[in-house]
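**Student:** make a model of this:
(2 chains)
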Amino acid sequence: RKEVEQDPGPFNVPEGATVAFNCTYSNSASQSFFWYRQDCRKEPKLLMSVYSSGNEDGRFTAQLNRASQYISLLIRDSKLSDSATYLCVVRPPGRRALTFGSGTRLQVQP
Amino acid sequence: EAQVTQNPRYLITVTGKKLTVTCSQNMNHEYMSWYRQDPGLGLRQIYYSMNVEVTDKGDVPEGYKVSRKEKRNFPLILESPSPNQTSLYFCASSPRFDEQFFGPGTRLTVL
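**Tutor:** Below you'll find the predicted structure:
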């Protein structure tokens, strides 16, 4: 089983739609969680950290469910510029490294 | 401007010809790492460094070497490249283990 699993998509949604991605992780003791965004052929960039209490940044909301070992990302009012691959990232316990999921591709259409 | 730079950005080489990909950061970060990204496999860490002269293996270190003689630089060395090392490589730096700042990537093709 992969340490971090994501649905690869693509998710094709119209502008203005709300879309949600989930990501599951295998190690229940994992400590830190993030969503990164990667545009085609570009480097990944941090979108937001995911806290136990959940957090929101404008149109983006991230949630952590430790009991079920998944994190989610909700994007409201999708824009064309949101089209990208979203990477779920976890830091397993005792490791000085981040584990990246393979990413979920989002395509927002006019 | 705070940034991580990598060179070259694109490289086509042949099996067995030693190469070095440079990485430099101007943010005074202690932690640096190298990743490779392959379709369907996500980003996988090759090596990382906690500080000058401190390096350790990541998940896929075979066939690679690194050095950290200065805080700002973290070159990736392929002593004898093989076709299975064809990939997109990213260098990253971080003030701690979390929140990595990535370079623009190096697309390597080994024939």
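
**Student:** list the contacts of residue A:96.
**Tutor:** If you count contacts by Cβ atoms under 8 Å, 6 or more residues apart in numbering or on different chains, residue A:96 has them with B:31, B:48, B:50, B:56, B:97. C-beta coordinates here come from the backbone N, C-alpha and C atoms, glycine included.

**Student:** let's see it at 7 Å
**Tutor:** B:48, B:50, B:97 (Cβ atoms under 7 Å, 6 or more residues apart in numbering or on different chains).

**Student:** now intersect those residues with the helices, please.
**Tutor:** Among those, no residue falls in helices (DSSP state H).

**Student:** which one of these is nearest chain A?
**Tutor:** residue B:97 (5.3 Å; Cβ to the nearest Cβ).

**Student:** lowest pLDDT pick from the contacts of residue A:96?
**Tutor:** When the contacts of residue A:96 are compared by pLDDT, residue B:97 scores lowest at 71.

**Student:** excluding chain neighbours, what is closest to that residue?
**Tutor:** Nearest non-adjacent residue to residue B:97, counting by Cβ to Cβ, 6 or more residues apart in numbering or on different chains: residue A:96, 5.3 Å away.

**Student:** now do the SS call for the one you found.
**Tutor:** Secondary structure, DSSP: H, G, I helix; E, B strand; the rest coil: residue A:96 is coil.

**Student:** quick check: residues of chain B near chain A?
**Tutor:** B:40-43, B:45, B:48, B:50, B:58, B:90, B:97-100, B:102-105 (Cβ under 7 Å from any Cβ of the partner chain).

**Student:** now the buried members of those.
**Tutor:** Among these, those buried by neighbour count (16 or more other Cβ atoms under 10 Å in any protein chain shown) are B:42-43, B:45, B:48, B:58, B:90, B:97-98, B:100, B:102-103, B:105.

**Student:** closest to residue A:64 among those residues?
**Tutor:** residue B:98 (14.5 Å; Cβ to Cβ).

**Student:** next up, the contacts around that closest one.
**Tutor:** Counted by Cβ under 7 Å, 6+ apart, residue B:98 has contacts A:32, A:91.

**Student:** what ranges does the chain have for its strands?
**Tutor:** No chain specified, so I'll use chain A. Using DSSP state E, the strands of chain A run over residues A:4-6, A:11-14, A:19-25, A:32-38, A:45-49, A:55-57, A:60-65, A:70-75, A:84-91, A:99-100, A:104-109.

**Student:** meant chain B actually
**Tutor:** B:4-7, B:10-13, B:19-25, B:31-38, B:42-51, B:54-57, B:65-66, B:76-78, B:87-94, B:101-102, B:106-110.

**Student:** fine by me, thanks again.
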